[in-house]
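Undergrad: Give me a 3D structure for the following:
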Amino acid sequence: MRKQKMALHRRELCYLSLVPTAGILFGQVISRLLVEFKDGILLQLYERHPAFLAVIPVLALLFYAGAYLTIAFQQGMAALREEQATHYMEYQQTQAIRARIHEAEQFYTRIRGLKHEMRGHLTNVKGLAQSGEYASLEDYIAKMDESMSGFELTLQTGNPVTDVIIAPFHAVYIPL
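TA: You can find the predicted model right below:
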């Protein structure tokens, strides 16, 4: 038996007390039957039924074993509940990490797309600059600047798993 503090609910307490209660009641019945007076004559249970000399101690042992097994079962159930709670917490953490990794991978996909778009924009800027269309070039650059203002990179290691681990500890500082 492990000595530990267990928080018991009413139902569990009832389960644990069933076997000892049955043992106490059995003991009361046997003690009343041990010695009996009938018509002024002393009758003893063991003299009338010698088999009880072996049966009663075996029954007492069965009650003790039942109480022991009930407590052991209860402790096992408590350990299983604790293990289940730990497993659930680990599952939730794993799911959160997977979600963060997925977000980081999507972010890197957007970065690659942005690089591709930037190459196209640079080609357009070069073409406008070479043809001397400076007004169109200024308008084009202003539109590019507007589309880029909402996209800020705060931390990028190149590895989504590392970013998921480091990101919660990374303080974002953007000077105004």
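Undergrad: Tell me where this structure is predicted with low confidence.
TA: For the chain, the stretches flagged by pLDDT under 70 are 1-8, 148-156, 160-161, 163-176.
Undergrad: Recalculate using a threshold of 50.
TA: Counting by pLDDT under 50, the ranges of the chain that qualify are 170-176.
Undergrad: could you pull out the strands for it?
TA: All strands of the chain, identified by DSSP state E, fall at 35-38, 41-44.
Undergrad: outside of the first one, which residues touch it?
TA: When contacts are defined by CB atoms under 8 Å, 6 or more residues apart in numbering, strand 35-38 is touched by residues 42-45. Just so you know, the C-beta spots here come from the backbone N, C-alpha and C atoms, and that holds for glycine as well.
Undergrad: Show me which pair in those residues is furthest apart.
TA: Farthest apart among the contacts of strand 35-38 by CB to CB are Leu42 and Leu45. That separation is 11.2 Å.
Undergrad: When those two are compared, which one has more neighbours?
TA: Remark: of Leu42 and Leu45, Leu45 carries more neighbours, 17 against 9, as counted by other CB atoms under 10 Å.
Undergrad: That one contacts Val29, doesn't it?
TA: No. Using CB atoms under 8 Å, Leu45 makes no contact with Val29, being 10.5 Å away.
Undergrad: thinking again about what came up before, using a markdown table, lay out the contacts of strand 35-38 together with distance to Ile24.
TA: Shown next, in a markdown table, are those (distance: CB to CB, whole Å):
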| residue | distance to Ile24 |
| --- | --- |
| Leu42 | 26 |
| Leu43 | 24 |
| Gln44 | 22 |
| Leu45 | 18 |
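Undergrad: quick one: the helices in the chain?
TA: 10-34, 45-48, 52-131, 134-148, 160-166 (DSSP state H).
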